[in-house]
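> Quick check, what structure comes out for this input:
(one chain, ligands or ions: 1)
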Amino acid sequence: MKRSNSEKLYEKALNYFPGGVNSPVRAFKAVEGAPLFIKKGKGPYIWDEDENQFIDFCCSFGPHILGHNYPDVHQNIVDNLANGTSFGAPTRLENDLAEIIISRNPYIDKIRFVSSGTEAVMSGIRLARGYTGRNKILKFEGCYHGHVDSLLVNAGSGLVTTGLSSSAGVPENVVADTIVIPLNDVEALETAFATYAHELACVIIEPIPANNGLLLQERSFLLKLREICTAHNVLLFFDEVISGFRVAFSGAAEYYDIAPDIVSYGKIIGGGLPVGAYGAKNHIMKSVSPDGPVYQAGTLSGNPVAMSAGIAQLTVCSRPGFYEDQEQRTQTMVNSINSHAKEKGYNFALVTIGSIFWIAFSDKTTIRSASQIDTDMTPFKKLHKALLERNVYVGPSGYEVGFISYVHTKEILENAAQQFKNALDEVFG
Ligand SMILES: *Cc1c(COP(=O)(O)O)cnc(C)c1O
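Predicted structure coming up:
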């Protein structure tokens, strides 16, 4: 496969950006070669600067649930672009996107649009602290919540620990109020609450942890979380930046039928443009400025071009049967690949929920916590290369999940499954 144009662009980018990229996972550090520079996307396909065409399962790490350049999204952006891009004043489009969301979402009365998932989580944490008057927050090892200072933590050694900063530049005192426990562990949860309940503002979780593999939680664990939070007046914060509008319109909360107190959204909500959001019931949201004392603002928040992309995308997502159809097509592909791996006795399985899949080099069928992940990523590296050579693009890290869009048709997914099988035969052969 010709990669020389991407290689040249990467050489140049190294002069401009740390590691040649504007977000670290794009750098291909965990796989072979220079990152592919992408020239365009249409439907389920992307093309790189060397004119190679790929079936895209990265989908910009989640936002493109309708594939690239979906006609309605494209058209709504273009139509609204003609009126200007930002005014620092409210627009009708903010109302329209909020109505599409809130009218179908029983968990939130009000929403605030921001410009990224990180910003949504950061603001939601501030709201939880401002509303409860408490400072501590509890998070789970293996959940990612954007590059929010207080959430860039690793667990220490022990079942329940205060976090250790996982990034240079995040002082220990900034994470001193962050408690970290393992996922899907009732004992650790109860221990943490026994010690810290009266100081906790919120428990934050990705209800479908999908940024460090796909660590599916038992519903009973999420229910336990809901109960223990309610019992101690601690807010339950679902970070649905990746699961929102992905597994169901109202995200994992709807999928599992468990109501959070605060929710953050991102990725799909902006139709491929930078939008994040956080929401809650009225009694909580009335703490947000200008109604209340929790300050939060944004020059480009709710900007009309991004709103128009979100409106068009979520309108399609809200059609009856949309998510059932997504899940069914995904299941068919995953089952086909997994049967092949099983028949051949490969130490491999795709883990899946909704239209998300994760490439796990493991014979365990369920992996529920970070410590259960096999950290040897050599087989992933080989598979990534074998897939690229077969014109299938997945994110360049074994900890990232893949996404299937509305325009990844049955036929395209059958082809992709065949390529996966051939790639696996090469890796394990
Ligand atoms: C992607 C993601 C974020 C961060 O969103 P950005 O838009 O990249 O800032 C936060 N939380 C979760 C669960 C995510 O998947």
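
> Show me the shaky parts of the stretch 101-250 of the chain.
Applying pLDDT under 70 to the stretch 101-250 of the chain flags no residue at all.

> show me where it has helices.
Under the criterion DSSP state H, counting those that start in this stretch, helices of the stretch 101-250 of the chain are mapped to 117-132, 172-175, 186-196, 219-231.

> From the contact counts, what lies against the last one?
Spelled out, that is helix 219-231. Contacting helix 219-231 under the criterion 3 or more C-beta pairs under 8 Å, 6 or more residues apart in numbering; DSSP states H and E are the following elements: helix 186-196, strand 200-205, strand 235-239. Where you see a C-beta, it was placed from the backbone N, CA and C, and this is true even at glycine.

> helix, strand or coil for the closest residue to Gly271 other than its chain neighbours?
Nearest residue to Gly271, sequence neighbours excluded (C-beta to C-beta, 6 or more residues apart in numbering): Ala309, at 3.0 Å. Under DSSP: H, G, I helix; E, B strand; the rest coil, Ala309 falls in the helix class.

> need the contact list for Ala309.
With contacts defined as C-beta atoms under 8 Å, 6 or more residues apart in numbering, Ala309 is in contact with Val73, Asn76, Ile77, Gly270, Gly271, Gly272, Leu273, Val275.

> tell me the pLDDT at Lys364?
In this model, Lys364 is scored at 79, pLDDT.

> wait, doesn't it sit right on Gln372?
Yes - between Lys364 and Gln372 there is a contact under C-beta atoms under 8 Å: 6.9 Å.

> just to revisit the earlier point, can you say which of the helices of the stretch 101-250 of the chain is nearest to Val316?
The minimum distance between Val316 and the helices of the stretch 101-250 of the chain falls on helix 117-132, with 21.0 Å, by C-beta to C-beta.

> Kindly export that closest one (C-alpha atoms) in PDB.
Extracted in PDB, the C-alpha atoms of helix 117-132 (Å, rounded to 0.1, in the frame of the first residue of the first chain):
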ATOM      1  CA  GLY A 117     -17.000  16.400  25.800                       C
ATOM      2  CA  THR A 118     -14.200  17.500  28.200                       C
ATOM      3  CA  GLU A 119     -15.900  20.900  28.700                       C
ATOM      4  CA  ALA A 120     -19.200  19.100  29.400                       C
ATOM      5  CA  VAL A 121     -17.700  16.800  32.100                       C
ATOM      6  CA  MET A 122     -15.700  19.600  33.700                       C
ATOM      7  CA  SER A 123     -18.800  21.800  33.900                       C
ATOM      8  CA  GLY A 124     -20.900  18.900  35.200                       C
ATOM      9  CA  ILE A 125     -18.400  18.200  38.000                       C
ATOM     10  CA  ARG A 126     -18.500  21.900  39.000                       C
ATOM     11  CA  LEU A 127     -22.200  21.800  39.000                       C
ATOM     12  CA  ALA A 128     -22.200  18.700  41.200                       C
ATOM     13  CA  ARG A 129     -19.900  20.400  43.700                       C
ATOM     14  CA  GLY A 130     -21.800  23.700  43.600                       C
ATOM     15  CA  TYR A 131     -25.200  22.000  44.000                       C
ATOM     16  CA  THR A 132     -24.200  19.700  46.900                       C
END
